[in-house]
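Chemist: Curious how this folds, go ahead:
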Amino acid sequence: MTSIDTLALYADWDHGDDNAVVAPIYQTANFSAATAGEFLERSSGSRPTRFYTRDGNPTTARAAQVVAALEGGEAALLLASGVAAMSTAILTLVKSGDHVICQDHVYAGTQAFLTTVMRDFGVEVTFVDQRYPEAFESAIAPRTRLIVLETPCHPVMRITDLRAVAAIARKHGAMTIVDNTTASPVNQRPLEMGIDLVMHSATKSLGGHSDLLAGALAGSTELIDRIWKRSTMLGGIMSPHDAWLLLRGMRTIALRVQRHNENGMRLARTLESHPAIECVHYPGLQSHPQHGLAANQMHGFGGVMGLQIRGGEDAAERFIRALRRFRRAPSIGAVESLAIHPYAMWRNTLSAQELERRGITPGLVRLSLGIDAAEDIVSDVTAALTSRSEYASSGER
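Modeler: Model prediction:
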């Protein structure tokens, strides 16, 4: 099998119609034709790339070809954001009267879409604890059409058994979609485990540079074509320039994610016994309650982790303020290192019960490690933890 490093570089080389080493940007809304018959020929086929950019574009098609190769899918579709990708897929696969099962730890945007838009459309939604495959089996109903998954799910990095849930869905005739954003295709390939459809917020590890908004779906040609048809009606398409940025970013994904993996393991092991830390939520640690499952279905554990800081909310805030190499920003999978305080961000939008259910405590901090040198990250984080302790002893608030 061709390595993912090589696929990222060459999967689209048979797609171009010129000899440019770097793919050109087709920054155009439409394409001309010599005759009406030529237009008919272009628009009557599957997913035209030279008719109207809402239907397809050569730059976007090349980037989609790389996404499909990275995930091991027959085809892929790019959209304007991760939310656009997930919502368009769900709106294609379910209709009024259907039933959807979703794990209870899932991206907040996915949860909001299911609990508002889809329920408004007459779709029943059941949330289950993703740690237990039998919970999905118990939730199956006669009209269950889709199971929505995400693994690992930050900030507490819970893991879903993809093989087990895929088998349950097939047994009952339901489809499965998994948000693979946190893992990336370098660390996890859900299609190989029986999942029907993979979704990415391509803003994160696929793009990797915090300079674009993008969503991606990968799966069978039949399934992607169905979703493409719906996407042309909903209109949440990706621009050619963002597709080009995504294509550029994916060329180095294997190198970037390898560094994320190395930095994640190094920092997690360093902090596991640190006196200022109650718990490190990182699936690469043997102390993680689902480490065995993570090791079984992942090739690496990434650079995202949750740190439970001793001292609660004030201590967590002091820790983030003391960091020197981290930006306080709400994303993951980038070349730079990022930190957020989930409780402070979400306590006005999520109930106390919802925060508790998600494991979002006042002292929890989420880190997304960049491609910095590991020793610099470890030095910065440990120094910030020391500063936090000094602030606490001095009574600083």
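
Chemist: which element is the residue most central in space within the chain on?
Modeler: With distances taken as CA atoms, centre = their mean, residue 181 lies nearest the centre of the chain, 1.7 Å away. Applying DSSP states H and E as the criterion places residue 181 outside every helix and strand.

Chemist: Surely residue 308 is in a helix?
Modeler: No. Under the criterion used here (DSSP: H, G, I helix; E, B strand; the rest coil), residue 308 is strand, not part of a helix.

Chemist: surely it meets residue 281?
Modeler: Yes. Counting by CB atoms under 8 Å, residue 308 does reach residue 281; the two are 7.3 Å apart. Placement of C-beta: from N, CA and C, glycine included.

Chemist: Among those two, which residue is more densely surrounded?
Modeler: Ranked by neighbour count (other CB atoms under 10 Å), residue 308 and residue 281 place residue 281 first, with 23 against 19.

Chemist: Compute the number of surrounding residues for the residue lying closest to that one once chain neighbours are set aside.
Modeler: Nearest residue to residue 281, sequence neighbours excluded (CB to CB, 6 or more residues apart in numbering): residue 306, at 3.6 Å. Neighbour count of residue 306, defined by other CB under 10 Å: 20.

Chemist: hey, what's residue 306 bridged with?
Modeler: When bridges are called by DSSP bridges, residue 306 pairs up with residue 281, residue 366.

Chemist: how about it, what does it touch?
Modeler: 154-157, 279-282, 359, 364-367 (CB atoms under 8 Å, 6 or more residues apart in numbering).

Chemist: Just put these in TSV and tack on distance to residue 329 and pLDDT.
Modeler: Formatted as TSV, those follow (distance: CB to CB, whole Å; pLDDT from 0 to 100):
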residue	distance to residue 329	pLDDT
154	14	92
155	14	94
156	20	95
157	19	97
279	23	96
280	21	98
281	19	98
282	20	98
359	22	85
364	17	96
365	13	98
366	11	98
367	12	98
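
Chemist: And these, which two are furthest apart?
Modeler: Based on CB to CB, the longest span within the contacts of residue 306 runs between 359 and 367 and measures 15.5 Å.

Chemist: Looking at the two, which one has more neighbours?
Modeler: residue 367 (29 against 18).

Chemist: surely that one meets residue 305?
Modeler: Yes. With contact defined as CB under 8 Å, residue 367 reaches residue 305; the gap is 5.5 Å.

Chemist: tell me, how many neighbours does residue 282 end up with?
Modeler: Counted with other CB under 10 Å, residue 282 comes out at 28.

Chemist: Do a quick rundown of the strands in the stretch 151-300 of the chain.
Modeler: Counting by DSSP state E, counting those that start in this stretch, the segments of the stretch 151-300 of the chain that form strands are 175-179, 197-201, 215-219, 277-281.
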